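Visitor: 3D model of this:
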Amino acid sequence: MFRTVVFTLRNNSTKILDLEKGKSISSKKFDMVNLLRKDGGFNREYVISASPADRDTSHLEESLSMLQNMKEPVPTIFKGSSSSLKITPIPTTLRTRGPEEFMANIRELILPIQNSLAQHKLFPMLNSREAIQVFMQLHVYAVWDSLSMLKCLQKHLTCESVPWVPLDHPEITRLINHLVLLEESDLDWNNKPHSHFEMYLDAMKQMHVDTSNVENFVELIRKGMSVLDAINSTRLEEGVAEYLKTTHEIVSSGKVHVVAGAFAFSREVIIPQIFSQILDQQDWRGNHARLSFYLQRHVDLAGEGFEAASVEMVKTLCGWDKQMWDEANRAAQESLRARNRLFNAIAKQIKLARRVEKIKL
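Guide: Numbers count the residues shown, from 1 in each chain. This is a model prediction of the structure:
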């Protein structure tokens, strides 16, 4: 039985993916030649691939030349010249699990958590002005948190350096820049640019909800305090603090595929469903225009294909690497569970507020 290994050569480095073991190995430019030598005389099949965005393929062809000039019998696995590159497809019979299979696995694993969120006990409770006020006072931290996660993706997936250089995946760059444009400077109900966080604060003020706590939290960060120190210095419900710490851990991982997994499956896929549930509470929808606008805006944006594009982003970043898929999957599940705990905390506070109101009466 042959083992299939994919070599991706980019920026003078080689990324080797062993499909049998389901993990990737980063190595230097010609390490693949040494790997073939150690493999016992080319008794396994290998496939070399190059990124479509890779304009400089000289290092790939140099590697190919070295392979062809070796004394050992080299299997016909790759053909190339100075003007073109031809990639030999991986034989279907030798494939283990590819991006589509990994994606299907993530969807299957997170579906129960997503369904639980979509049917959360919190939503039927949002049938009064008082309940919505409690909801907004705690949920606003998730609005801020979502922007931070998006900015992390922008840092890694778009070119922010000077001088500018093109990146490998322009379709991902376009997606992230478009989302940042909307989240940081969307048009509000007065057709004026505002971030979604600022829109939410305005909606809170229209609802006479105290914004001082979250504004103080953001101000601490603006002055240079770390996120964790700001969390510990701010009076927050436990579910809110856990939610923020979960995202901070994901963002601080330094792994863009991990952040992308959490963003795609716990933000872009689930948020429109959640907001639709809230909007369905007819008792309040017509009376709170700014909050209604904010929620409806996110539902409407779901129809612009961001969900599908975000999922494709994860597929592109993880590729054939099982370890990366596993890490993206764990991040998505952790983020979804943190949101569930956040909603539990909000529901608990609404119940407490109602008990207090009954005592007053």
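Visitor: Can you show me the CA trace of stretch 151-168 as PDB?
Guide: What follows is stretch 151-168, C-alpha atoms only, in PDB (Å, rounded to 0.1, in the frame of the first residue of the first chain):
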ATOM      1  CA  LYS A 151      -9.300  42.400  13.400                       C
ATOM      2  CA  CYS A 152      -7.000  39.400  14.300                       C
ATOM      3  CA  LEU A 153      -8.000  37.800  11.000                       C
ATOM      4  CA  GLN A 154      -7.300  41.000   9.100                       C
ATOM      5  CA  LYS A 155      -3.800  41.200  10.700                       C
ATOM      6  CA  HIS A 156      -2.900  37.700   9.500                       C
ATOM      7  CA  LEU A 157      -4.800  37.400   6.200                       C
ATOM      8  CA  THR A 158      -4.300  40.900   4.600                       C
ATOM      9  CA  CYS A 159      -1.100  42.800   4.000                       C
ATOM     10  CA  GLU A 160      -0.700  45.500   6.600                       C
ATOM     11  CA  SER A 161       3.000  46.000   6.100                       C
ATOM     12  CA  VAL A 162       4.700  48.800   4.200                       C
ATOM     13  CA  PRO A 163       5.800  48.300   1.500                       C
ATOM     14  CA  TRP A 164       2.800  46.200   0.400                       C
ATOM     15  CA  VAL A 165       3.200  42.800  -1.100                       C
ATOM     16  CA  PRO A 166       0.500  40.500  -2.600                       C
ATOM     17  CA  LEU A 167      -0.700  37.500  -0.500                       C
ATOM     18  CA  ASP A 168      -1.500  33.900  -1.400                       C
END
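Visitor: how does the chain divide into domains?
Guide: 5-94, 99-360 (automatic domain parsing).
Visitor: Comparing those by mean pLDDT, which bottoms out?
Guide: Mean pLDDT values for the domains of the chain show the minimum at domain 5-94, a mean of 41.
Visitor: Apart from its neighbours in sequence, what residue is nearest L301?
Guide: Nearest residue to L301, sequence neighbours excluded (CB to CB, 6 or more residues apart in numbering): L182, at 6.8 Å. Any C-beta I mention is one placed from the backbone N, CA and C, and that applies to glycine too.
Visitor: The one you found touches H298, doesn't it?
Guide: No: between L182 and H298 there is no contact under CB atoms under 8 Å: 9.7 Å.
Visitor: Between the two, which contacts overlap?
Guide: H196 (CB atoms under 8 Å, 6 or more residues apart in numbering).
Visitor: Give me the neighbour count for Q133.
Guide: 17 (other CB atoms under 10 Å).
Visitor: Verify the assumption that it is located in a helix.
Guide: Yes: using DSSP: H, G, I helix; E, B strand; the rest coil, the assignment for Q133 is a helix.
Visitor: what's the nearest residue to it if we skip its chain neighbours?
Guide: Among residues not flanking Q133 along the chain, V209 sits closest, at 4.9 Å (CB to CB, 6+ apart).
Visitor: and that neighbour, which of the three is it?
Guide: Of the three states, V209 takes coil according to three-state DSSP.
Visitor: Which residues are in contact with it?
Guide: V209 sits next to Q133, M136, Q137 when contact means CB under 8 Å, 6+ apart.
Visitor: same question, R330
Guide: V258.
Visitor: What distance do you get for it to I274?
Guide: Using CB to CB, to the nearest Å, one gets 22 Å for the distance from R330 to I274.
Visitor: do D145 as well
Guide: Distance check for D145 against I274: by CB to CB, it reads 15 Å.
Visitor: more neighbours, these two?
Guide: Using other CB under 10 Å as the criterion, D145 and I274 rank with D145 on top: 24 against 21.
Visitor: so the more buried one makes contact with T246?
Guide: No: counting by CB under 8 Å, D145 does not reach T246; the two are 9.2 Å apart.
Visitor: Mutual contacts of these two, please.
Guide: With CB under 8 Å, 6+ apart, D145 and T246 have no common neighbours.
Visitor: In contact with the residue nearest to L228 when sequence neighbours are not counted: list those residues for me.
Guide: Closest residue to L228 apart from its sequence neighbours, by CB to CB, 6+ apart: H248 at 6.4 Å. By CB under 8 Å, 6+ apart, the residues touching H248 are V227, L228, I231.
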